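S.K.: Give the three-dimensional model of this entry:
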Amino acid sequence: MPLKFINTSRSSFFATVRGRVDAYFKEKDLSPHANGAMWTKAVFFLSGYGLLYGLLLSNQFNAWAMLALCAGLGAFAAFIGFNISHDALHGAFSSKSWVNRLLGDTFYLLGANPYVWKITHNVVHHTYTNIPGHDEDIEIAPGLIRVDSDEPLRPWQRYQHWYAFPLYSLASLSWVFRKDYLKFFKPQIGQHDNSGHSGQQHVLLFVTKAAYYFFFLVLPYWMLDITVGQLAIGFLVMHGVEGLILGLVFQLAHVVEGTSFPVPTEGVGIQEAWAVHQLRTTANFSPRSTLAAFFCGGLNRQIEHHLFPKICHIHYPAITAIVKQTAQDFDLPYLENPSFFSALHSHYRLLKVLGRPATLPAA
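M.R.: Next comes the predicted model:
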């Protein structure tokens with residue numbers, strides 16, 4: 001049976017906050033989509049990505065400089081994912097669907113499939129955030145990393161607060177070689193029916209993957225004076241940086257102290273309104289940091305993103321105060337860590353606690 005959210009408390013939080021946010025855009029005579037600053041960001045990250053790739057293929061640098069270029073290319077790939085692909089795939093970048101489709105295809109630059117992402121992220125994760133058995137995004141490395149207290153505890157997870165971070169750096173490698181194929185051919189993702197993909201999507205999956213392998217493995221080997229080993233090191237460094245950035249930003253939004261992982265009541269569902277559920281399972285970090293907003297594509301303000309995924313992230317700083325005040329008006333949680341490092345420390349502490357047996361209170 002599909003999981004349902006039941007607003008047992010009759011909360012009018014979402015109707016209220018949506019009305020206030022809509023009023024903000026109307027009063028300011030603003031579009032909720034991209035503005036000039038957003039387009040400038042898009043040009044900056046795409047140009048930087050293209051420049052770094054071109055410099056790599058120019059064969060004009062020594063090995064250490066090439067390695068630095070690989071790391072930079074990985075970082076820019078992650079920033080394109082955050083700042084361009086993500087908004088476009090949510091339909092938030094433009095009011096024109098063809099613009100969103102075109103910019104959403106920048107996801108291929110990460111080696112990832114936008115069609116699969118829209119299912120796993122837009123449909124499943126945004127609906128069933130942090131719900132075990134439904135939101136597969138919290139299944140980071142099943143059997144290795146434990147983020148749900150109801151999961152079986154394994155002896156090696158005692159050290160997960162140390163080994164989790166190197167594992168995050170493998171995130172984009174998994175995406176390129178494993179995750180998209182696995183998710184595409186799974187009959188269900190969580191409880192979502194994942195069957196019936198079109199023939200066109202089957203072709204696109206394999207053709208675009210092959211194109212990525214060609215441009216990032218075959219072509220560099222042909223054009224550069226490098227060994228297979230050097231090619232492998234550069235590719236691993238690029239994806240290590242990309243994966244670590246992608247992995248950390250997601251974890252700091254949903255797997256920190258204070259976020260919940262609610263278990264649905266069988267036959268009843270989640271006894272809470274969907275929007276209230278988002279407040280309980282999502283956290284912001286570095287909300288006042290201009291750098292975090294610029295590079296993370298607004299994903300440091302995940303609360304606003306989860307409540308308003310179709311609003312371009314360039315507007316999140318303006319609507320944050322509205323969302324936070326409305327949450328306070330309804331006596332609801334609004335979780336945030338003041339900095340990236342405080343969020344990182346919170347994530348570390350949570351992993352440490354979940355890697356050890358629960359301590360029973362003294363009698």
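
S.K.: going forward, measure contacts between C-alpha atoms and count neighbours the same way
M.R.: Fine.

S.K.: Which stretches in the stretch 251-363 of the chain count as helices?
M.R.: 274-281, 290-296, 302-307, 316-329, 340-354 (DSSP state H, counting those that start in this stretch).

S.K.: Tell me what angle the fourth one forms with helix 274-281.
M.R.: Read it as helix 316-329. Angle of helix 316-329 versus helix 274-281, following axes from the mean of the first three to the mean of the last three Cα atoms, to 10 degrees, is 100 degrees.

S.K.: Give the buried residues for helix 316-329.
M.R.: 316-317, 319-320, 322-324, 326-327 (16 or more other Cα atoms under 10 Å).

S.K.: Likewise for the second one?
M.R.: Residues of helix 290-296 classed as buried by neighbour count (16+ other Cα under 10 Å): 292-296.

S.K.: from those, which single one is nearest residue 81?
M.R.: residue 296 (9.1 Å; Cα to Cα).

S.K.: out of the buried residues of helix 290-296, who's nearest residue 27?
M.R.: residue 293 (23.9 Å).

S.K.: Distance of that closest one relative to residue 314?
M.R.: In this view, residue 293 and residue 314 are 8 Å apart by Cα to Cα, to the nearest Å.

S.K.: Ok, residue 161 next?
M.R.: Distance of residue 161 to residue 314, given as Cα to Cα: 33 Å.

S.K.: Looking at these two, which has the bigger crowd around it?
M.R.: Legend: neighbour count by other Cα atoms under 10 Å for residue 161 and residue 314, higher for residue 314 (23 against 19).

S.K.: Could you check which helix or strand contains the closest residue to the more buried one other than its chain neighbours?
M.R.: In this structure, residue 314 finds its nearest non-sequential neighbour in residue 38, 6.2 Å apart by Cα to Cα, 6 or more residues apart in numbering. Per DSSP states H and E: residue 38 is located in helix 36-57.

S.K.: I'd like to know which of the helices of the stretch 251-363 of the chain is closest to residue 70.
M.R.: helix 290-296 (18.1 Å).

S.K.: Can I get that closest one in CSV, CA atoms only?
M.R.: Taking Å, rounded to 0.1, in the frame of the first residue of the first chain, the C-alpha atoms of helix 290-296 are listed here in CSV:
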residue,chain,number,x,y,z
THR,A,290,27.5,33.7,1.1
LEU,A,291,30.1,31.2,0.0
ALA,A,292,28.0,28.2,1.0
ALA,A,293,25.0,29.7,-0.8
PHE,A,294,27.1,30.3,-3.9
PHE,A,295,28.8,26.9,-4.2
CYS,A,296,26.1,24.6,-2.7
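
S.K.: in the stretch 101-250 of the chain, which spans are helices?
M.R.: Using DSSP H, counting those that start in this stretch, helices in the stretch 101-250 of the chain cover 114-117, 126-127, 160-168, 171-174, 180-185, 199-213, 219-223, 228-254.
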